[in-house]
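S.K.: Model the structure of this input:
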Amino acid sequence: MSSSGTEGDGLLTILLAAVAAATLAGLLIRGKTKLGDRWAPPIAGVLVSIIAIYDFNEVGNRSVEIFERTAYASLGWGLVLTLVGGVTLAVSGGLVFTAAK
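M.R.: Alright, predicted model coming up:
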């Protein structure tokens, strides 16, 4: 049994990453910053990380009885990658925030 990463809050993490990418691309193209340009990437990274940590806990607590045996859910590589990406976005966005003042 598997669940797609674009179901539920997976779509939200994709949208947050897209907003952060568009903001950073605009910053590179224009060469100057607006207040929103500096805040959006680190906030998006923190939100993506929080969602990934929440999902880690939810998946880790799932189990089901099948034919008198207990089956436990396991994490997929996509959720791990989401957490790594969220933390990376938060850190790199924070560095851009401080460097772009």
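
S.K.: center of this structure - which residue?
M.R.: Note on the chain: the residue nearest the mean C-alpha position is residue 48, at 2.8 Å, using Cα atoms, centre = their mean.

S.K.: Contacts only, for the nearest residue to it once chain neighbours are set aside.
M.R.: With Cβ to Cβ, 6 or more residues apart in numbering as the criterion, residue 48 has its nearest non-adjacent residue at 3.3 Å, and that residue is residue 86. For glycine as for every other residue, the C-beta is placed from the backbone atoms N, C-alpha and C. Going by Cβ atoms under 8 Å, 6 or more residues apart in numbering, residue 86 touches 13, 45, 46, 47, 48, 49, 50, 51, 52.

S.K.: Go ahead and list the helix or strand containing residue 86.
M.R.: In this assignment (DSSP states H and E), residue 86 forms part of helix 77-99.

S.K.: Now do residue 22 against residue 83, distance only.
M.R.: From residue 22 over to residue 83 the distance is 22 Å, taken as Cβ to Cβ, to the nearest Å.

S.K.: ok, those two, which is more surrounded?
M.R.: Between residue 22 and residue 83, counted using other Cβ atoms under 10 Å, the more crowded position is residue 83 (20 against 12).

S.K.: Please name the spatially closest residue to the more buried one (chain neighbours excluded).
M.R.: Nearest-residue entry for residue 83: residue 52, 3.9 Å, with adjacent residues in sequence omitted and distances by Cβ to Cβ, 6+ apart.

S.K.: contacting residues for the one you found?
M.R.: 13, 79, 82, 83, 86.

S.K.: mind running it again at 7 Å?
M.R.: Taking Cβ atoms under 7 Å, 6 or more residues apart in numbering, we find residue 52 in contact with 79, 82, 83, 86.

S.K.: buried residues in stretch 66-80?
M.R.: Buried residues in stretch 66-80, counted by 16 or more other Cβ atoms under 10 Å: residue 79.

S.K.: distance between the ends of it?
M.R.: Distance between the two ends of stretch 66-80: 27 Å, counting by Cα to Cα, to the nearest Å.

S.K.: I am finished for the moment; much appreciated.
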